[in-house]
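Asker: Fold the following.
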Amino acid sequence: MATTAGLSSNWLALQKKTTKDESLSKTSKKRKLQTAEGKTKVEIKKKKKSKSEGGSKSLESIALEAAKKVIGKEKEQKSSRGKDAELLEWAAENDIGLEDLEEAYGKDKSKTTIGKYVALDCEFVGVGFEGKRSALARVSMVNYHGAIVMDEFVRPEEKVTDWRTWVSGIRPEDMKDAKSFKEVQYKVAEILKDRILVGHAIKNDLKVLMISHPARLIRDTSKLPEFRKLTKGRTPSLKKVAKEILGIEIQGEEHSSIEDARACILLLRKYKEEFDRLAQRGTRGAEEKKGKQLLPATEEA
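Answerer: This next block holds a predicted model:
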C-alpha cells in the first residue's frame, strides 16, 4: 500500500541547505501551490525582476507556467494532476531552481516526476526460527528532489516471526494491502531501467530484490572515500554519514525507508561530481580487467 508523501523536518531543513538558489535573491518570498479536495489553487505574488536576473526565468514564472498546465489538464488527466501538483509544490516550497528541475526532469517538467536519478531503500522483517532470517517487507524510492516515486509494502512469502517494528517500522496492519514480491520486483525493475540508482550498500537491496543493475548507473553512498574516512576506511553506516556530512539525525528509533532514501539522495546531490568520478573510475577499471583477461597468452622464447 503506497503511503502519503510526507515531508520530514530533517528533509525540509537539509533541502534548503543543499538546493541551488543562484536565481533567487535572499528576499524572495515563499511560493506555495495548495491542492485541496480535487481543486488546485495557485497563489503566487508578483515580483519584479531585477536587472541582475537578465533574461533568465525566475522560479516564480516557471511555477506559474507549470501550474497553468496542471490546471488546464485537470479534467482530462486527474491522476497525473496529483503528481504534477506535488512536484510543483515541492519546487516552490524548497526554492528549487530551473537548472535543478531541468537536470532531473527535462525541460517539460509536467510530463514526469521521476527523472534520471532514483534512490532506493528497503526494510525487512524476521522469518523462520526466532525471526533470525530477513524477508523483504517494504521498498521505497524517491527522485532527485526527494519526492516519493514508489513506496510499497511487500507481503513476505514466509510466516513473519518477528516484525522488528522497533527497527523496521513495519506492523502487521501494514500487510493488509501489501503487494506480492513478484509484483514489487517487476515495478522496481521497470523504474530502474536506464536510470541512475542511488543507495547505501545498495548491493544488499538489489540482492534481496534479485535485480541486477549496470555498475556505471550505480552511485553507492557507502563507497565514497570521503565518507570512509569517518570510519578509518571501513564501510560507514548511513546514520553516521548523515550525521557527520549532512548534520541530520536519522534512524533514531523506528527506521523509515523513505527517510533513508532521501538521505542518500541528499548525499548524492552534495557530492555529485565525486560520485560521478568514482563511477567512471570503476567502469574503466572493470573494462581494463576484462581486457587483460581476454589477451592471449604469449609463448616464452
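Asker: how about stretch 123-137: buried residues?
Answerer: Neighbour-count burial for stretch 123-137 flags 123, 124, 125, 126, 127, 131, 134, 135, 136, 137 (criterion: 16 or more other C-beta atoms under 10 Å). (Glycine included, C-beta is placed from N, CA and C.)
Asker: Any idea how far apart the tips of it sit?
Answerer: Terminal residues of stretch 123-137 are spaced 6 Å apart (C-alpha to C-alpha, to the nearest Å).
Asker: contact partners of stretch 179-193?
Answerer: By C-beta atoms under 8 Å, 6 or more residues apart in numbering, the residues outside stretch 179-193 that reach it are 114, 118, 120, 136, 139, 141, 149-150, 152-157, 209-211, 213.
Asker: out of the residues you listed, which are inside helices?
Answerer: In helices, defined here by DSSP state H, the members of the contacts of stretch 179-193 are residue 209.
Asker: Could you pull out the helices in the protein for me?
Answerer: Using DSSP H, the helices found in the chain span residues 9-18, 59-72, 78-93, 98-105, 165-168, 181-192, 202-209, 225-228, 238-241, 257-270, 272-294.
Asker: Please enumerate residues in contact with the fifth one?
Answerer: It stands for helix 165-168. Outside helix 165-168, the residues that reach it (C-beta under 8 Å, 6+ apart) are 123, 124, 125, 137, 138, 171, 253, 254, 255.
Asker: CA-only coordinates of that helix in CSV, if you can.
Answerer: What follows is helix 165-168, C-alpha atoms only, in CSV (Å, rounded to 0.1, in the frame of the first residue of the first chain):
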residue,chain,number,x,y,z
THR,A,165,9.0,-2.9,14.4
TRP,A,166,11.5,-1.1,16.7
VAL,A,167,13.9,-1.0,13.7
SER,A,168,11.8,-1.7,10.6
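Asker: Could you give the average pLDDT over that helix?
Answerer: Averaging pLDDT along helix 165-168 yields 89.
Asker: What are the buried residues along that helix?
Answerer: Across helix 165-168, burial judged by 16+ other C-beta under 10 Å covers residue 168.
Asker: what is residue 162 paired to in the beta sheet?
Answerer: Following DSSP bridges, residue 162 is listed with bridge partners residue 126.
Asker: wait, it sits on residue 131?
Answerer: Yes: in this structure, residue 162 is within contact of residue 131 by C-beta atoms under 8 Å, at 2.5 Å.
Asker: what residues are shared contacts of the two?
Answerer: Here residue 162 and residue 131 share the contacting residues residue 125, scored by C-beta under 8 Å, 6+ apart.
Asker: where are the low-confidence patches of the chain?
Answerer: By pLDDT under 70, the low-scoring segments of the chain are 1-113, 284-301.
Asker: 80 - rerun?
Answerer: Within the chain, the stretches with pLDDT under 80 are 1-113, 252-254, 282-301.
Asker: returning to what we had before: using CSV, please lay out the buried residues of stretch 123-137 together with distance to residue 235.
Answerer: Converted to CSV, the buried residues of stretch 123-137 look like this (distance: C-beta to C-beta, whole Å):
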residue, distance to residue 235
123, 20
124, 18
125, 24
126, 23
127, 26
131, 25
134, 18
135, 23
136, 21
137, 23
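Asker: Tell me which of those residues fall in strands.
Answerer: Of the positions in these, 123, 124, 125, 126, 127, 134, 135, 136, 137 sit in strands, assigned by DSSP state E.
Asker: still on that earlier bit, relative to residue 245, which of the contacts of helix 165-168 is nearest.
Answerer: Using C-beta to C-beta, residue 255 comes nearest to residue 245 of the contacts of helix 165-168, at 18.7 Å.
Asker: tell me the contacts of that closest one?
Answerer: Residue 255 makes contacts with 123, 167, 168, 169, as judged by C-beta under 8 Å, 6+ apart.
Asker: Now render the residues you listed as JSON lines, adding distance to residue 218.
Answerer: Shown next, in JSON lines, are these (distance: C-beta to C-beta, whole Å):
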{"residue": "123", "distance to residue 218": "20"}
{"residue": "167", "distance to residue 218": "25"}
{"residue": "168", "distance to residue 218": "24"}
{"residue": "169", "distance to residue 218": "26"}
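Asker: Closest to residue 271 out of those?
Answerer: Distance to residue 271, by C-beta to C-beta, is smallest for residue 123 among the contacts of residue 255, at 25.3 Å.
Asker: can I assume that closest one is in contact with residue 151?
Answerer: No: Residue 123 is not in contact with residue 151 according to C-beta under 8 Å; the separation is 10.6 Å.
Asker: hey, what's in contact with both of these two?
Answerer: Overlap of the contact sets of residue 123 and residue 151 (by C-beta under 8 Å, 6+ apart) consists of 138, 140, 257.
Asker: would you list those in a markdown table and tack on distance to residue 205?
Answerer: Listed next are the shared contacts of residue 123 and residue 151 as a markdown table, based on distance: C-beta to C-beta, whole Å:
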| residue | distance to residue 205 |
| --- | --- |
| 138 | 11 |
| 140 | 10 |
| 257 | 10 |
